[in-house]
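J.: Have a look; sequence and predicted model below, questions after that.
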Amino acid sequence: MLLKKLAVALVLSSLALVNAHADVKVLKVGSTPTGIPFTFLDIKTNTIEGVMVDLIREIGKDAGFKVEIEGMQFSTLIPSLTSNKIDIIAAAMYITPPRKEVIDFSGPVYTYGEGLIVPKSETKDYKEFADLKGETVGAQKGTAFIEPLQKTGLFPEVKIYDNIPSILADVNTGRLKAGFADKPILAYNIKQGLFPEVRLVNSYVSTITGSVGIGVRKSDGELLAKINASLDKLTRDGTVKKILDKWGLD
Amino acid sequence: MTKFLADAREFLPILLQGVWLTIVVTSGSLVLSTLLGMVWALMRVSRVRFLQWLSQIVVNGIRGIPIIVQLFYIYFVMPELGITLTALQASIIGLGIAYSAYQAENFRAGIEAIDKGQIEASESLGMGWALMMRRVVLPQAVKIILPPYGNIMIMMLKDSSQASTITVAELTLKGQLIASSTFKYTSVLTMVAVLYLVMSVPLILFVGWLERRMGEARR
């Protein structure tokens, strides 16, 4: 009789525990450690921070889920999402038609184009791709910049780098004559002074513009709806603008 | 299956560009690692204590650091010390140095396996160390060294993929490039694996043949 009472008590208490945790879902969010100011690894706190991280945390608070931010290489974000290693992508990822065939995106969060960086010794005021004809250029693996660059036929090689700081490092040593990456990320890195020999070409006009958004699996329509609803609310009540201002994006 | 074949036809030309660089990196680092490996090995079996000690330090130091770390060092850190190499140069030099340690140990094992009687006989004939190595020891050591050497060749073919981490557009990086832009991971990665097999299986068969051949010759 005592054993039976004990068993019942055990089952009831474990049910109570399960219910207590069932309310707050924890979703894994994929970000990158090298996409400042959108997503980056803060060395002091050893956590991923940035615009997209702040945003997904606010969305989570509004929509009712907790987030666990994981840093990974940009090019592995989509395969990680589709193979269920993560549930959400919160990074500086353009919403593009090829990507939309594989995953779904929230509404747009911030729009920008590619920036051009060259070594400081190159003083020419480059305006467009044709100005760099014949040079070897660099871009980041998995970004939407690679194909347009390759398609121009103007560059003998488009070197592929794992992350943006690697491109900055190569331009800094002069080994790479021109690099293309997200303009806000390039600007932020250069402003921090880590790459003293790199120049962000102000005369260059972006041609590969896009808007970044939050990514989810195609099968997660319900989650997407919740994210979009929260995103709308946070845009209207000024939270999104506050986050962008915090990181210096206008 | 038909979809895979259609993808295969579309991606094969780009992947073959990668195959070419894989072969370049593998051959280049093979030559370099063989030459350097011989240097370390001869230093180690020389009668000069200092050279033996130096060789041991170099070989163990190289073996103690992962290849990727060595490549990053040569490509990203050396420029800060004034030495800026292209990605291809850095990968051949990096892999060449990294593998020279394993080559050296292989050569040393082969040399030390030669019967001491051969060395004594050479000495009693008045041969100097260099002449003895050249005419007596090394020719016999080759039979012992060749099969493991073949194995090292196969390992280097696969380790050429590490060059992808420093932007060399060899097969692995080309595959990642296509996969991350078309999202057809299954088709592309399968093709990459098959291409590596196509390159390594003949090598593996050749090494097997070598092992049989050398085994017979020693009897």
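T.: Structure's in. What do you need? Bear in mind that the values here come from a model prediction, so they are computed numbers and not experimental data. Residues are numbered from 1 along each chain as shown, chains lettered A, B, ... in the order given.

J.: how many other residues sit next to the closest residue to residue B:33 other than its chain neighbours?
T.: The shortest distance from residue B:33 to any residue other than its chain neighbours is 3.7 Å, reached at residue B:99 (Cβ to Cβ, 6 or more residues apart in numbering or on different chains). (Each C-beta comes from the backbone N, C-alpha and C, glycine too.) Around residue B:99 there are 24 other residues, counting by other Cβ atoms under 10 Å in any protein chain shown.

J.: Surely residue B:99 is in contact with residue B:35?
T.: No: here residue B:99 lies out of contact with residue B:35, judged by Cβ atoms under 8 Å, at a distance of 11.2 Å.

J.: For residue B:34, which non-adjacent residue is closest in space?
T.: residue B:103 (5.8 Å).

J.: on that earlier part again, now for the host helix or strand of the residue nearest to residue B:33, which elements pack on it?
T.: Assigned by DSSP states H and E, residue B:99 belongs to helix B:87-112. Under the contact criterion of 3 or more Cβ pairs under 8 Å, 6 or more residues apart in numbering or on different chains; DSSP states H and E, helix B:87-112 touches helix B:2-45, helix B:49-63, helix B:67-72, helix B:138-159.

J.: ok, and for the next helix or strand after that helix, which residues are buried?
T.: Using DSSP H and E, the helix or strand that follows helix B:87-112 towards the C-terminus is helix B:116-124. Going by neighbour count (16 or more other Cβ atoms under 10 Å in any protein chain shown), the buried part of helix B:116-124 is B:119, B:122.

J.: which helices and strands does the following helix or strand past helix B:116-124 pack with?
T.: The helix or strand immediately downstream of helix B:116-124 is helix B:129-132, counting by DSSP H and E. Applying 3+ Cβ pairs under 8 Å, 6+ apart, one finds that helix B:129-132 makes contact with helix B:116-124.

J.: Give the other helices and strands that the helix it packs on contacts.
T.: Contact here means 3+ Cβ pairs under 8 Å, 6+ apart; on that basis helix B:116-124 packs against helix B:129-132.

J.: Can you list the buried residues in the helix it packs on?
T.: Buried, per 16+ other Cβ under 10 Å, within helix B:129-132: B:129, B:132.

J.: okay, and the helix or strand of chain B with the least pLDDT?
T.: When each helix and strand of chain B is scored by mean pLDDT, DSSP states H and E, helix B:185-218 comes last, with a mean of 87.

J.: again, but for chain A
T.: helix A:2-22 (a mean of 69).

J.: Now residue 40. Nearest residue, chain neighbours left out?
T.: Assuming you mean chain A. Nearest one to residue A:40, counting by Cβ to Cβ, 6+ apart, is residue A:50 at 5.3 Å.

J.: Can you look at chain B instead?
T.: The shortest distance from residue B:40 to any non-neighbouring residue, by Cβ to Cβ, 6+ apart, is to residue B:104 (3.6 Å).

J.: and the one you found, what is it in contact with?
T.: Applying Cβ atoms under 8 Å, 6 or more residues apart in numbering or on different chains to residue B:104 gives the contacts B:36-41, B:44, B:55, B:59.

J.: swap the cut-off to 10 Å and go again
T.: Residue B:104 makes contact with B:33-34, B:36-44, B:55-56, B:58-59, B:62-63 under the criterion Cβ atoms under 10 Å, 6 or more residues apart in numbering or on different chains.

J.: Among these, name the buried ones.
T.: B:33-34, B:36-37, B:39-44, B:55, B:58-59, B:62.

J.: Redo those residues as TSV? Include pLDDT.
T.: Converted to TSV, these look like this (pLDDT from 0 to 100):
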residue	pLDDT
B:33	97
B:34	96
B:36	97
B:37	96
B:39	95
B:40	96
B:41	94
B:42	92
B:43	94
B:44	93
B:55	96
B:58	96
B:59	96
B:62	96
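
J.: For residue 174, the count of nearby residues, please.
T.: Just going to use chain A. 16.

J.: Sorry, I should have been clearer: chain B.
T.: Neighbours of residue B:174 (other Cβ under 10 Å): 24.

J.: From residue A:141, how far off is it?
T.: Separation of residue B:174 from residue A:141 (Cβ to Cβ, to the nearest Å): 11 Å.

J.: what sits in contact with each of those two?
T.: With Cβ under 10 Å, 6+ apart, residue B:174 and residue A:141 have common neighbours A:160, B:164.

J.: Can you give me the neighbour number for the residue nearest to residue A:40?
T.: Counted with other Cβ under 10 Å, residue A:50 comes out at 26.

J.: From residue A:192, how far off is the residue nearest the centre of chain A?
T.: Geometric centre of chain A, nearest residue: residue A:91, 1.6 Å, by Cα atoms, centre = their mean. In this view, residue A:91 and residue A:192 are 19 Å apart by Cβ to Cβ.

J.: Also residue A:25?
T.: On the measure of Cβ to Cβ, residue A:25 and residue A:192 end up 36 Å apart.

J.: Assign a three-state SS to residue A:167, would you?
T.: helix (DSSP: H, G, I helix; E, B strand; the rest coil).

J.: Which residue is the nearest non-sequential neighbour of it?
T.: residue A:179 (4.1 Å).

J.: Who are the contact partners of the one you found?
T.: A:114-119, A:137-140, A:145, A:159, A:161, A:164, A:166-172, A:186, A:198.

J.: cool, residue B:31 as well?
T.: With Cβ under 10 Å, 6+ apart, residue B:31 has these contacts: B:92, B:96.

J.: try it again with 8 Å
T.: residue B:96.

J.: try the one 4 residues further on
T.: Applying Cβ under 8 Å, 6+ apart to residue B:35 gives the contacts residue B:100.

J.: Among the contacts of residue A:179, name the ones in helices.
T.: A:164, A:166-172, A:186 (DSSP state H).

J.: quick one: which of the residues you listed has the most company?
T.: Taking other Cβ under 10 Å to define a neighbour, the member of the ones in helices among the contacts of residue A:179 with the most is residue A:167, carrying 29 neighbours.

J.: That one contacts residue A:143, correct?
T.: No: the pair residue A:167 and residue A:143 does not pass the contact test of Cβ under 8 Å, sitting 10.4 Å apart.

J.: Please enumerate the shared neighbours of these two.
T.: Counting by Cβ under 8 Å, 6+ apart, the contacts common to residue A:167 and residue A:143 are residue A:181.

J.: What parts of chain A come near chain B?
T.: A:75, A:78-79, A:82, A:98-99, A:101-102, A:138, A:141-142, A:146-147, A:157, A:159-162, A:166, A:169, A:173-175 (Cβ under 8 Å from any Cβ of the partner chain).

J.: returning to what we had before: could I get the ones in helices among the contacts of residue A:179 as TSV with pLDDT and distance to residue B:109?
T.: Output for these, formatted as TSV (pLDDT from 0 to 100; distance: Cβ to Cβ, whole Å):
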residue	pLDDT	distance to residue B:109
A:164	95	46
A:166	93	39
A:167	96	44
A:168	96	45
A:169	93	40
A:170	93	40
A:171	95	46
A:172	93	44
A:186	95	52
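
J.: Good, we can wrap up now.
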